[in-house]
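1. sequence-free structure coming up:
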């Protein structure tokens, strides 16, 4: 099942689980896959930046991809960004052979002019092959590459295999509106838009026309519900749920230690056995962990999902249904 | 009254009001000063980056400084960052002569190594004169200059006239803890730490040892109350108030259009007559304005201050007392 | 006499002379102006980056401009790049009133996309007034802003007052060829192109279609001769002269200390009284000065102009005619 | 034979030969190795940035390394810089097992503070193993990471397996002097320093105390001779030879197309069969090729080595002895 422009919902950015000694935690790869599925995600995105992809060697990257694809019952897309096209092609062909639904490509930081950006993606498609559906990642805050809506339209038009935008501009609400306007005026073909940025603007991104989220916030089940509520036109309910999580989402969205926060919560939720990251990595101080615990305790008063996290000793993944989630307990 | 290391509370980053044709709106300069004073701020910081300082010419900068200093009943500090020391000195001497309490200096983006950074500030102090109290601005996200706690300690130690850190690292909680630990172990003299970053982490920054906030969020009265509640040890109340504002604070903290959001709300609150920015500037679409209005309406359910904003036609500044603010109406 | 697109020859990037205590050395301003004129330059460019413009305050900048304009018998253009349009306008109007021939504008480092760049220059022209002829500075190595030939064409087309490109891309030979091709195919109106980059590629830049040089190498008389020889089709002679200077030009083209090298040689040539730069500035060690002296001694064997530099005690500017310069003595 | 701090001479940065269809040109790998050996180099450095290392996949990188190591009669060092430590370790262990003499590591562009840089290299050594001799690459112009002499000293002190600095700061003459002064005052242990930057400052770098060159200029035989002449104290002769090549070296040192120039000349010299680069790559226009040919023709008048390049049809590598090289024919 290959990815196409009709994709919607939440494609969670999966972490990569490691054992305390830095090896890939293959047992947790399955457990994490199951956890995400139980959250109701529509797809999994693995080997993204927050998946610590650059820290894996080529063999590990392919092995993890195969394991997740085998286990998952939803489409799996794989980040294949690489400093060169040979490595990009190797991984892209490998994961597609293994059953991935598509790949994701980010622009290298050196790109500056519109033409350089457009040209890069044409070369990338030539390298991996025009038969592989791919996601354009637009993440200027970290990559320093700025693509205007017109440039995105050009890339999409030039490359029929580009089926989705991972929208991660910051701020980016107007970019969604601009792209959807291009579609209305007929100058851009249909394109799935899933949003990143840790989910920090998901509430309004949905209202601007996004198809869902592609981010890795430690409560993907909340993202699923916000997308659902928004799709159903339940604006206030969507914002209520979103706002309840915003203090923690904001805390998770700290450059450098954000992934440590995410893995800490995911471990608490039972999704992975260890919150280990491979070096180089930010780590949490005792004070930071206490702050997260406090945020989880506060969240638990408004979203029962977070309550279960607090049950120490219990390491089975717990995910609530939408019905529960939208019944604040306070 | 000169600034010293005992400074605390909220030193609001003031906007610079313009008329629709781009001139300085001198009437609004007074109105804005009064508004900030009515919010309970402990000081004003003018000509910061969010004060559009680089868009003013030398004459305008000095004139605004004089006007605010004359009007304000609290200390006024003035951003004097400049590409060169001659302009920095001219402005610094000028505003101090006019009665400013101190100045603020940000490092130029080209600085990289620890030595370059330390050396720059020694040169800056030599240029402006060692008699002017100054604030070290640490804002790596925008300035790309990264100062470790050790470098900050060196700068503070080398320059007795440095009395405050504008803490704007992101994330920066550990940096506050590290600096306070230096003070406990005797390796760093007392230093005021006020926090920026749009206030997005003020809840925890206070708990880590900050002395207050130096940011320009359109509800400085909320910042004042969070600082006060936190200082009184009312942790949950501080977070409750903070969390109520977080959706709007997050919206205001968008690179590029953040200042447009801030001025739009300040105008709604009656603090300034126009939300005009000088070019180049981001602007708000109809959709964005509607989103802010929605956020204000939601906020009004939890903080009565925001309710008054909604009273269209009413342009007098409205600021509530802490008592009101901490009595959520929902 | 206003600058227009027919400008050619060498518009030397003038240094700004300072006294040892950091004040503007007004006596040397005249002396330097005379020196440049005696070198046969077609124009002077003052307050460029290598003119330490950002280190001057507004009053100094205007005063120096007036002094040079008064003294010079060739067109004087003034760098007016500034962080904001108000300061840019103040300086631009001021120097034009004082008799400058035009101004030069560099893009601020934050610009990334084609549209941002094009839009910035339209705003700049609106700010300074469409009646002021201006030079577009293209210097990606330092400014990090990359303009394609198409973007430059757009800027030139949008702004009739843009009459010249200061070409300082590195490498940039193909850019000159591309722009000249645009002119041949009728898509770009006539435009003067003068080249920077310390002159390091002037030999070939002339052959690609440049109209001359705009750089500040300490032997502007050599630049004048290379431009002349190249214009006369004396290719080998142009390269012979150029190659003789390349070891020193290369030495002068070191980021950070290049200006110290330049001022050291200009002082030796009697063009300025002191080689002082304002802080922050690179400085020359004893070893570096000895290296420059060695390069000058070697150069003196091939270009008699350099021989005169060695006459210690003699501080009158010495400039040779083309006839001498093209008669290598070895 | 493992690399140690006594290394000197020229460790040429080898290109990676490709066939016109983009495959690795294994025949040319041997031919190129032989060519470099015939130039008198003391070592080979493969898989550097100018070796297009990021464009190779893991399998190719290891295969090329093995082939060169097998063929070469001098030490071979291998660039192992990678976005993550797992890939760095895989390649480093693999090439050392295959007989490489050491590896070279560049810092990732995100590093800023002194502590970040020092810490990164400790982690890298932990990853690859403390038994592998390695070269610290210092290349701020491209990598944007700035290491002061003190930071380099710290890294060398912390990591006994660091035996060499690839010095590629620009300008960097004072850095060499500073490091050698550290050695004289006993604060830094012996360290080999080989210089990069396309050789553009090799003349003076040798005089400041460098042990040789590590760069890939298309006439490595010239670099060998300059290093030799400089070591013998024949200063003028070293500069004469160097200056003769400077116009071409300067032309080769253009960001983006420099490698195209280098491969074009190496092909002309018979060192490789094709000047193909893998995408993305700069390419040479007809005008550029003509310029290089002109520079080679001019060079041939001063260095007989370049004369032989002109013999069309002849594709055997030609390298002259020092005796020939130092007898200018003009």
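-> Right, received. Where do you want to start? Just so you know, these numbers come straight off a predicted model, no measurement behind them.

2. low-scoring stretches of chain A, by residue?
-> Counting by pLDDT under 70, chain A has low-confidence residues at A:308-330.

3. just the strands in it please.
-> Along chain A, counting by DSSP state E, strands occupy A:9-13, A:43-46, A:76-79, A:102-105, A:134-138, A:162-167, A:192-195, A:212-213.

4. gap between the shortest one and the chain center?
-> Computed by C-alpha atoms, centre = their mean, to the nearest Å, the chain-centroid distance of strand A:212-213 equals 9 Å.

5. next one: the longest one
-> With C-alpha atoms, centre = their mean as the basis, strand A:162-167 stands 12 Å off its chain's centre.

6. tell me what that strand is packed against?
-> strand A:102-105, strand A:134-138, helix A:149-158, helix A:173-184, strand A:192-195 (3 or more C-beta pairs under 8 Å, 6 or more residues apart in numbering or on different chains; DSSP states H and E). For every residue, glycine as well, the C-beta is placed using N, CA and C.

7. can you say which of the strands of chain A is nearest to residue D:95?
-> If you check each of those against residue D:95 by C-beta to C-beta, strand A:76-79 wins as the nearest, at 26.9 Å.

8. which strands border the closest one, and is each parallel or antiparallel?
-> For strand A:76-79, the paired strands and their directions (DSSP bridges) are strand A:43-46 (parallel), strand A:102-105 (parallel).

9. got CSV for the ones you listed, with mean neighbour count too?
-> As requested, the strands paired with strand A:76-79 are exported to CSV (neighbours: other C-beta atoms under 10 Å in any protein chain shown):
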stretch, mean neighbour count
strand A:43-46, 27
strand A:102-105, 26
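
10. find the nearest non-adjacent residue to residue A:114, please.
-> Computed as C-beta to C-beta, 6 or more residues apart in numbering or on different chains, the closest residue to residue A:114 that is not its neighbour in sequence is residue C:114, at 4.4 Å.

11. pull the number of nearby residues for the one you found.
-> Taking other C-beta atoms under 10 Å in any protein chain shown as the criterion, the count of residues near residue C:114 is 23.

12. residues contacting it?
-> Residue C:114 sits next to A:113-114, A:148, C:148, C:150-151, C:154 when contact means C-beta atoms under 8 Å, 6 or more residues apart in numbering or on different chains.

13. on that earlier part again, how about the strands of chain A in JSON lines, adding distance to residue A:228?
-> JSON lines is the format used below for the strands of chain A (distance: least, C-beta to C-beta, whole Å):
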{"stretch": "strand A:9-13", "distance to residue A:228": "8"}
{"stretch": "strand A:43-46", "distance to residue A:228": "15"}
{"stretch": "strand A:76-79", "distance to residue A:228": "21"}
{"stretch": "strand A:102-105", "distance to residue A:228": "23"}
{"stretch": "strand A:134-138", "distance to residue A:228": "22"}
{"stretch": "strand A:162-167", "distance to residue A:228": "19"}
{"stretch": "strand A:192-195", "distance to residue A:228": "14"}
{"stretch": "strand A:212-213", "distance to residue A:228": "10"}
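
14. quick one: which of the ones you listed is nearest residue C:247?
-> Closest among those, using C-beta to C-beta: strand A:102-105, at 45.2 Å.

15. residues making contact with the closest one?
-> By C-beta under 8 Å, 6+ apart, strand A:102-105 touches A:2-3, A:45, A:48, A:75, A:77-81, A:88, A:91-92, A:95-96, A:121, A:124, A:128, A:132-137, A:163-164, A:166.

16. change it to 6 Å
-> Where contact means C-beta atoms under 6 Å, 6 or more residues apart in numbering or on different chains, the residues beyond strand A:102-105 that reach it are A:3, A:77-81, A:92, A:124, A:132-135, A:137.

17. ok so, going back, mind checking the strands paired with strand A:76-79 for the one nearest to residue B:40?
-> strand A:43-46 (46.5 Å).

18. interface residues of the stretch 1-150 of chain A facing chain C?
-> When proximity is defined as C-beta under 6 Å from any C-beta of the partner chain, the stretch 1-150 of chain A approaches chain C at A:112-115, A:146, A:148.
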